[in-house]
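Visitor: this one's structure only:
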DNA sequence: AATGAATGAGCGTTCATTCAT
DNA sequence: GATGAATGAACGCTCATTCAT
């Protein structure tokens, strides 16, 4: 696909040292893509190494020349994918000149990327509560990266004056990520029949304005 | 859909009919609790039936007197748990007299329940992308119930005039659930070190008012 | 006659001593009949003690008050059944006044009894190569009883002059039993759709006359 | 019916296609032979896959590289064996020039083969009432092949005039097979102490001439 | 006597991983 | 590097048998 854009700086794990020049062998990527395809269809646990090998057109043993073990395939996939995706997030965020546009661009890009790569999207969900500690850590790291971008945008918005200053930042960023994830989950569970990207604007609207009716006095009961 | 409803009053599966007085045999509950404890710690797939049996203090075979198979333990757990929890959700929602209070009560109760039963909370996450179709269906059914409550509240709020009328309901309800889930996930991943319930009010505030700075608009209508 | 050999008059095995007066409790028979019904339908190995208990309307544990173990059910069934059946064989054989009629009566009665009690017939086949040594022994004993009757008839026929004197008795008796068994097997495998008894006369005809054409000179090549 | 024909030239099931030259891998045969040995000694149900693996000198899992499951071992064994044996039957039948010789050759060969391969003979009995439908079907197919050969011989004999024309063919063929089987069973049950092959001629004599005393009729026509 | 919940040894099968070629 | 046959630990599940009631 867009193999050109991806530059892995160091795939150390335990791979043979041959590909030292940073030349990712084509077989490595083939396995990665095959794995995600298989994982997406059947879930991580239901997928066997043999199936992945078959899908990739290599022998079972070959997998272990490139990956430490089955878990490592997942880990490496997201090492590879996250870099691509976050680069794009960053680009789109930087492109906008105010924080609301930045947020809109981030969310839109997020939905675009997940819609474009449905297998990745599905596998990403699989990772929510992974058994393997490494995968767990990685998932955390990715969340953190995302949350950091949001934080940055929000702080900027507060400086600009477009966003409320009395925000509990730790909460707000999770609130936004959670909402986006939820929309993606729904889409995945629905069989991905509809278009995801158009949800971006209504979502942003909710983030910014909330659901409360500001035209009237709030009744805000406290229970 | 709801035929498998997790709110089964009588769990029959394969169990003898002894529990005629509605008294669920204590061994059944012991296994259920043991299972959830084990699942929470190691994840569903990494847990073995033997471990559960050991934790429950029964023989392996005994499990199969009460449960059809390993998956069924999960299914029955949520049949049992969801009944309890949703009853409480309903009570707290009904207790409030306006929709914002209802929403606040729902979210607060949600956080309370998950904080109270951390194992349940953790296992609930395990279910996000389950392999077993029954579990998947059940998870869907539970989500639907939750989303329906939210819908009901929102519609009421629109009638009251406290909530915006121009809301895309299908999006809003997922937006709210997603945000709450996200907060819970973060808490779980953090090792559950902090108190979850106090997040309810700031969350509600975000739902209602959004993150946008409305004072600016009211005062100057900038941008 | 020989019934005493394997037709244990007193089922001692390990049964409670209550039924000392030879009064076979009705529950004992109920289990026996249930067992054969289940065995016939599913085969011995595929049948569980629970299924038998259910069919008999007793508790699983009750089976063990009457039978040492699962194998013992089979053993006792044939102890019980063989006595009945062989008594009838004996009657019909004695009824005839010449050996050919005796043989005809034996075979006809054999087919009648097996047709009447299809479950027994099916289970008897199950026993051909039993795993349990006791069952094996019993099956052997039953075969022997049958073969002894045939022997007796043949010897009588030879005395009468109706049967060839140059017969290898050990072979002839197996030849007859085997042929009858084969006819019964075919019937069982066919789903028992047709009437078994009418096969008796043609069979006897084959036994007596053979398949050779006596009207012409035999060509009897020797290879 | 014959789609599952046990005369499969290439056993593919799940095995890799290595054996391209028709060279069945020796491990495959080793397992087959080990299995039959174990089955013969303990019966199919009492035999475990582990025992077979041990006997064959391979790991348990290796069995499943060559066989779909435990049942499949039995199925494949007879696919393999029946091909050999029936080829020999056919040869010996064709060798003879009249039907009585053909029958004699068939029966003699049958006894020879079963005597030669006692394990096969024993396992063949195991199959009489198999639990696995595939095995059942296979057993049926083998019986049918045998019965068809007999039919063919008998019809030829009737044309020749050496065999009676008033024969119920469906009965006669089973009568012959049953008698041979019975002789083999007896031999197996006896511990295979004696020589089976010499029974062929007396058996044929019985088939042809029957047990009736025809001289009496010819001489005096008594009774 | 009768029950049936409880047991736990035992089995078939899977599959991640290794290693000789 | 690449292969894929071989491995064997591990697991879910069954069911004959026991025993407290």
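Guide: Happy to help now that I have it. As the structure is a prediction and not an experimental result, all values here were calculated from the model.
Visitor: Could you list every helix and strand in contact with the strand or helix carrying residue A:155?
Guide: Remark: residue A:155 resides in helix A:133-160, with elements defined by DSSP states H and E. Applying 3 or more C-beta pairs under 8 Å, 6 or more residues apart in numbering or on different chains; DSSP states H and E, one finds that helix A:133-160 makes contact with helix A:70-95, helix A:99-116, helix A:169-189. For every residue, glycine as well, the C-beta is placed using N, CA and C.
Visitor: In the longest one, which residues are buried?
Guide: The one in question is helix A:70-95. A:70-82, A:84-85, A:89, A:92-93 (16 or more other C-beta atoms under 10 Å in any protein chain shown).
Visitor: out of the helices and strands packed on helix A:133-160, nearest to residue A:49?
Guide: helix A:70-95 (5.7 Å; C-beta to C-beta).
Visitor: and that closest one, what's its mean pLDDT?
Guide: Across helix A:70-95, the average pLDDT comes to 95.
Visitor: Briefly note if that helix comes near chain B.
Guide: No: Helix A:70-95 does not reach chain B (C-beta under 8 Å from any C-beta of the partner chain); its nearest approach is 11.9 Å.
Visitor: between that helix and helix A:99-116, what angle do the directions make?
Guide: Interaxial angle, helix A:70-95 versus helix A:99-116 (axes from the mean of the first three to the mean of the last three C-alpha atoms, to 10 degrees): 140 degrees.
Visitor: which other helices and strands contact helix A:70-95?
Guide: Helix A:70-95 packs on helix A:26-42, helix A:99-116, helix A:118-126, helix A:133-160, going by 3+ C-beta pairs under 8 Å, 6+ apart.
Visitor: How about that helix and DNA strand E, touching?
Guide: Yes: contact between helix A:70-95 and DNA strand E is present through residue A:70 (criterion: C-beta under 7 Å from any atom of the strand).
Visitor: any idea how far that helix is from the chain center?
Guide: 7 Å (C-alpha atoms, centre = their mean, to the nearest Å).
Visitor: quick one on the thing from earlier: going by mean pLDDT, which of the helices and strands packed on helix A:70-95 comes out lowest?
Guide: Among these, helix A:118-126 scores lowest, with a mean of 90.
Visitor: In it, which residues have enough neighbours to count as buried?
Guide: For helix A:118-126, a neighbour-count test (16+ other C-beta under 10 Å) marks A:119, A:120, A:121, A:122, A:123, A:124, A:125, A:126 as buried.
Visitor: secondary structure class for the residue in chain A positioned nearest to DNA strand F?
Guide: As assessed by C-beta to the nearest atom of the strand, DNA strand F sits closest to residue A:61 within chain A, at 1.6 Å. At residue A:61 the chain is in helix, as set by DSSP: H, G, I helix; E, B strand; the rest coil.
Visitor: and the gap between it and chain D?
Guide: 14 Å (C-beta to the nearest C-beta, to the nearest Å).
Visitor: what sits against that residue?
Guide: Contacts here follow C-beta atoms under 8 Å, 6 or more residues apart in numbering or on different chains; on that basis residue A:61 touches nothing.
Visitor: cool, and residue A:121?
Guide: Residue A:121 makes contacts with A:114, A:115, A:184, A:188, as judged by C-beta under 8 Å, 6+ apart.
Visitor: do that again at 6 Å, thanks
Guide: residue A:114 (C-beta atoms under 6 Å, 6 or more residues apart in numbering or on different chains).
Visitor: burial of residue A:190, as a residue count?
Guide: 9 (other C-beta atoms under 10 Å in any protein chain shown).
Visitor: tell me the phi and psi of it?
Guide: phi -80, psi 0 (degrees, to the nearest 10).
Visitor: Now do the same for it: its pLDDT.
Guide: At residue A:190, pLDDT is 89.
Visitor: Equivalent analysis for residue A:16, please.
Guide: Note on residue A:16: pLDDT of 44.
Visitor: Check the one 5 residues further on too.
Guide: Looking at residue A:21, its pLDDT reads 48.
Visitor: about what we covered before: ok, the residue of chain A closest to DNA strand F to residue A:38 distance?
Guide: Distance, residue A:61 to residue A:38, using C-beta to C-beta, to the nearest Å: 17 Å.
Visitor: near DNA strand E, which residues of chain A show up?
Guide: So chain A meets DNA strand E at A:46, A:47, A:48, A:49, A:50, A:60, A:61, A:63, A:64, A:69, A:70 (C-beta under 7 Å from any atom of the strand).
Visitor: Which two of these have the greatest separation?
Guide: The most widely separated members of the residues of chain A next to DNA strand E, counting by C-beta to C-beta, are A:46 and A:61 (21.6 Å).
Visitor: what's the spacing between residue A:90 and residue D:170?
Guide: 84 Å.
Visitor: Residue A:47 against residue A:40, yeah?
Guide: No: Residue A:47 is not in contact with residue A:40 according to C-beta atoms under 6 Å; the separation is 9.2 Å.
Visitor: So the nearest residue to residue A:66 once chain neighbours are set aside versus residue A:84, what's the distance?
Guide: Spatial nearest neighbour of residue A:66, chain neighbours left out: residue A:28 (5.0 Å); criterion: C-beta to C-beta, 6 or more residues apart in numbering or on different chains. Using C-beta to C-beta, residue A:28 is found at 15 Å from residue A:84.
Visitor: How about residue A:136?
Guide: Distance from residue A:136 to residue A:84, by C-beta to C-beta: 22 Å.
Visitor: With residue A:29 instead?
Guide: Separation of residue A:29 from residue A:84 (C-beta to C-beta): 12 Å.
Visitor: residues in contact with the residue of chain A found nearest chain D?
Guide: The nearest approach of chain A to chain D comes at residue A:59, 11.2 Å away (C-beta to the nearest C-beta). Counting by C-beta under 6 Å, 6+ apart, residue A:59 touches no other residue.
Visitor: Could you tell me the model confidence score at it?
Guide: 98.
Visitor: before we move on, what about residue A:215?
Guide: Residue A:215 is assigned a predicted lDDT (pLDDT) of 62.
Visitor: same thing with the one 5 residues further on?
Guide: Residue-level confidence at residue A:220 comes out at 44, pLDDT.
Visitor: before we move on, what about the one 3 residues further on?
Guide: The predicted structure scores residue A:223 at 42 on the pLDDT scale.
Visitor: where's residue A:207, which helix or strand?
Guide: Using DSSP H and E, residue A:207 falls in helix A:200-209.
Visitor: Chain B contacts on chain A?
Guide: Neighbours of chain B within chain A, by C-beta under 6 Å from any C-beta of the partner chain: A:43, A:45-46, A:125-126, A:128-129, A:131, A:161-164, A:168, A:171, A:174-175, A:177-179, A:181-183, A:186, A:202, A:206-214, A:216, A:219-221, A:223.
Visitor: Would you list the buried entries among these?
Guide: Buried by 16+ other C-beta under 10 Å: A:43, A:125-126, A:128-129, A:131, A:162-164, A:168, A:171, A:174-175, A:177-179, A:181-183, A:186, A:202, A:206-214, A:219, out of the residues of chain A next to chain B.
Visitor: can you count the residues close to residue A:133?
Guide: 9.
Visitor: if I pick it, what's in contact with it?
Guide: By C-beta under 6 Å, 6+ apart, residue A:133 has no neighbours at all.
Visitor: Kindly provide the distance from it to residue B:42.
Guide: 11 Å.
Visitor: Kindly report the same for residue A:55.
Guide: Taken as C-beta to C-beta, the span from residue A:55 to residue B:42 is 29 Å.
Visitor: before we move on, what about residue A:175?
Guide: 30 Å.
Visitor: same question, residue A:114
Guide: From residue A:114 to residue B:42 the distance is 29 Å (C-beta to C-beta).
Visitor: No further queries at this time; thank you.
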